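**Q** Sequence and predicted structure are below.
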Amino acid sequence: MNKPKRYTVTAALIYANGPIHIGHLAGCYVPADVYVRYLRAAGEDVAFISGTDEHGVPITIKAKKEGTTPQAVVDKYYGIIKKSFEDFGISFDIYSRTSKEIHHKTSQDFFVKMYDKGYFDEVTTEQYYDETAGQFLADRYIVGECPNCHNPGAYGDQCEKCGSTLSPTDLINPRSTFSGSKPVMKATNNWYLPLDRMQPEIEKYVNSHPEWKANVFGQCQSWLKQGLQPRAMTRDLDWGIKVPLKDAEGKVLYVWFDAPIGYISMTKEWAEQAGKRWEDYWCDEDTKLVHFIGKDNIVFHCIIFPAMLMAEGSFILADNVPANEFMNLENDKISTSRNWAVWLHEYLEEFPGKQDVLRYVLLANAPETKDNDFTWKDFQTKNNSELVGIFGNFVNRTTVLTNKYYEGVVPEKGELTDFDKQTLETLAQLPGQIGESLRNYKQREALAGMLEVARLGNKYLADTEPWKVIKQDEERVKTIMYVALQITATLSIVCEPFLPFTAEKLRKQLNLEHKGWSEAGKDDLIKTGTKIEEAELLFEKIEDSVVEAQVNKLLETKRQNELEGKEVTPLKPEITFDDFAKLDIRIGKILEAEPMPKSKKLLKFLIDDGLEKRTILSGIAEHFSPEEMIGKQVTFIANLAPRKMMGVESNGMILMAEDKDGSLSLLQPHKEVWSGATVS
RNA sequence: GGCGGGGUAGCUCAGAUGGUUAGAGCGUCGGAUUCAUAACCCGGAGGUCACGGGUUCGAUUCCCGUCCCCGCUACCA
């Protein structure tokens, strides 16, 4: 697009059911903030919008677990999350929430408009219904026995023990978590967005943006190739935004329908406060809309939300969706449930005032093209060698010398040498380069450019050696310090998007006003005669013991996880001896083993059961190789009804014990027995 | 298995519509220096650009195949 008149920048609406960690910051919020701070410094008109997403089933479950209300849950986390963002200098123009009245109304209007235009298909499906509680049950509200691993506490969407993805109808003996009663199937109507019919338009949109990052564009192509499916935009639930139609009692908008509309309703809220027209930011072709998100949201922001916007008809579509990949922590995936994370509120307690250090490290290592790793060792190194050694040190050298030679007053500029001119020329070019990188979402490159300014300063001082020259030529030193001070002044501008707290400190130290990006690089930013403050360190070293303590904390978490990670599965209901006697459990010997073609999990075994050779399939390919299984004695259920999987009939089931860490062990007799031995 | 992303220096990562010596930071080794938080500055070493084929005058960059890692998706009696 041509030069936009204004920018609407959104950062993902975070789900209000937990605090936030460095992964959120690295993947989405710091990049968004850097982009926005740069645009503002460059004089652009920007609206920076985000908030919490407060609807959906997981929040109701969390409330139930904690014995409180969904509203109490979202109130609590809205507060915590908002504070974390403020603490880290994420400069939203508004940080709101989807529980606001204006959001409910905006979402409903949006829905009605699509409805009136005939965009939805009304579809009747059979869903589980709890007659005692008088409500339909979301998948998560149904528990039962997992058909795969027979864990009795599997949920309707997933068994957390074996990881299988389930549908509620797969569960054996389903029960409602509300009343414990057995749910019944009941017909219900919901409204579907026919993404399948809209595919051509969506494809046209996506394909008009080949400049999107490879991970984003590729992910979209993956979805499009598989073919889009109609998607329900309403749910039978009582927590959320009411479906604004007659005969829609007990139905709410699907959380992924209302959440992105939150960007619009929050813009409205902000515009009202700020005296702006929200339409300028959402309905004007000259506005550039950019969504910052993590890679888990790509499909919603690049396909579903644009489809909704197209259907509604009055809005612009995103010009770019610069999604980052994920940030790992010490070689392991960040996980809230396993407490494998650096929580922002904890970080600030342990590293008070060091927001910029974390911002810097997360940016320097931002997962722009692939998943990246955050390690405390690297955190220390980046702090000590780059922020302290290069950035802080240069500023300190300059301010110390200025105070020493001139009592803190910026000296006059004399005759410039060729080297001075060359340095100032380089200085003049860097801000433009950094800005260019930022506009292209190359933030790591931009950050390196920022540090390059400090490097330029260090080199300038090393080459001009004012501490030596002062002994022979005092006049010359004035010019040298003048030039060095100009570099610090430019630094205070170009570091601002990345290190806002440091920028503020530096400006104070130099007694410099807040200046725009276009001023950066000029050779008279800080005027002769300006009094600067005493040198004060911008960053301090981080000692080995401090990062070791953090690593130990994580190791402790790991130990805790191993201890607590698995709970012993509760006992199943009592059975009689006759029930047991129905099972025919035997020992057999594996004669042949081979992987099932086209399957990641299944192995195919030929087993000698004493009577004959039978084929058994088992989903253990991720734990055992076929070779190591051959010749082993195994325990299996011999009279289980045959079942065909991937075209091959399986006659029985091999028994395994699952250890705490999820690894599997064969159940074997303690000395070799004959094939066909029965177990009783 | 399908679809997508990735496999480049000890580490973390850039890059190339195919073209003379493949880059950065950190680490390491050596030098210089003392204004500065033992910081800074200069220089060296270190890569068969996952592997095997193909197209080409020439490929690490394009094509095909294989292997490995990550995500989504299917299979898990």
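**A** Perfect, I can see it now. Numbering: from 1, shown residues only, chains lettered A, B, ... in the order given.

**Q** isn't A:Leu25 right up against A:Leu363?
**A** No: using CB atoms under 8 Å, A:Leu25 is not in contact with A:Leu363; the gap is 9.7 Å. Using the backbone N, CA and C atoms, a C-beta is placed for each residue, glycine as well.

**Q** A:Glu627 in helix, strand or coil?
**A** Recorded secondary structure, A:Glu627: helix (DSSP: H, G, I helix; E, B strand; the rest coil).

**Q** Over in the stretch 201-350 of chain A, which residue gets nearest RNA strand B? Let me know.
**A** Closest to RNA strand B within the stretch 201-350 of chain A is A:Gly218: 2.7 Å, counting by CB to the nearest atom of the strand.

**Q** so what strands line up beside the helix or strand that contains A:Arg175?
**A** For A:Arg175, the enclosing helix or strand under DSSP states H and E is strand A:172-176. Looking at strand A:172-176 with DSSP bridges, its partner strands are strand A:142-145 (antiparallel).

**Q** gap between A:Lys531 and RNA strand B?
**A** 19 Å (CB to the nearest atom of the strand, to the nearest Å).

**Q** can I assume A:Pro352 sits in a helix?
**A** No: using three-state DSSP, the secondary structure at A:Pro352 is coil, not a helix.

**Q** What is the burial count for it?
**A** By other CB atoms under 10 Å, the residues close to A:Pro352 number 8.

**Q** distance of it from A:Phe501?
**A** As for A:Pro352, its distance to A:Phe501 is 12 Å (criterion: CB to CB, to the nearest Å).

**Q** Report the outermost residue of chain A with respect to its centre.
**A** A:Gln472 (58.3 Å; CA atoms, centre = their mean).

**Q** wait, is that residue part of a strand?
**A** No: counting by three-state DSSP, one finds A:Gln472 to be coil, located in no strand.

**Q** So what does it have for phi and psi?
**A** In terms of degrees, to the nearest 10, the main-chain angles of A:Gln472 are phi -110, psi -30.

**Q** so what's it scoring on pLDDT?
**A** Note on A:Gln472: pLDDT of 91.

**Q** before we move on, what about A:Thr132?
**A** The pLDDT attached to A:Thr132 in the predicted structure is 77.

**Q** quick check, stretch A:545-553 touching RNA strand B?
**A** No: using CB under 7 Å from any atom of the strand, stretch A:545-553 never reaches RNA strand B; the gap is at least 13.3 Å.

**Q** Buried residues in that stretch, which are they?
**A** Neighbour-count burial for stretch A:545-553 flags A:Val547, A:Gln550 (criterion: 16 or more other CB atoms under 10 Å).

**Q** pLDDT averaged over that stretch - what is it?
**A** For stretch A:545-553, the mean pLDDT works out to 87.

**Q** swap in stretch A:311-328?
**A** The average pLDDT for stretch A:311-328 rounds to 89.

**Q** State whether the residue of the stretch 201-350 of chain A closest to RNA strand B is indeed within a strand.
**A** No: going by three-state DSSP, the assignment for A:Gly218 is helix, not a strand.

**Q** distance of it from A:Val299?
**A** Counting by CB to CB, the separation of A:Gly218 from A:Val299 is 12 Å.

**Q** Out of these two, name the residue with the larger neighbour count.
**A** The residue with more neighbours, out of A:Gly218 and A:Val299, is A:Val299; 16 against 11, by other CB under 10 Å.

**Q** No more questions from me, cheers.
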